[in-house]
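A.B. asks: Only the shape, not the letters, is given here:
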């Protein structure tokens, strides 16, 4: 984990109504499993990935993440990202922060760590990660 201090590059990202947070958020590290979140025009796609492959006794690949990708609607309330699947399920909140000049979506646990001691998980979902950004 990287430790970042408040005065040197980490601050709450103030979300104005016209702010654009659209795009794909992916792990900002070499990851062999994890999530990605794509936010576009009030809709999200949450997907999971892994390098693990499992096959059944017939040699068919087993879907390790049934129900994914998950799609639905999203909205921001301040820095809190609320997502609801098309089937009506509310997903756990994520928190938008800016660190090192990059927008990051943190889980509740990551957000609590960030508030407590300024650390950001190396694999936090980051806008443009993996896209050469």
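C.D. replies: Perfect, thanks for sending it. Computed from a predicted model, the values in this text were never measured in an experiment.

A.B. asks: What's the mean pLDDT across stretch 23-37?
C.D. replies: Summarised as a single mean, pLDDT over stretch 23-37 is 92.

A.B. asks: In three-state terms, label the residue lying closest to residue 95 once chain neighbours are set aside for me.
C.D. replies: Nearest non-adjacent residue to residue 95, counting by C-beta to C-beta, 6 or more residues apart in numbering: residue 111, 4.1 Å away. Backbone N, C-alpha and C define where each C-beta goes, glycine included. Here residue 111 is recorded as helix under DSSP: H, G, I helix; E, B strand; the rest coil.

A.B. asks: can you tell me how far residue 111 sits from residue 97?
C.D. replies: Residue 111 sits 7 Å away from residue 97, going by C-beta to C-beta, to the nearest Å.

A.B. asks: Mutual contacts of those two, please.
C.D. replies: Contact criterion C-beta atoms under 8 Å, 6 or more residues apart in numbering; no residue bridges residue 111 and residue 97 by contacting each.

A.B. asks: ok, back up a step: for the residue nearest to residue 95, give its distance to residue 39.
C.D. replies: 17 Å.
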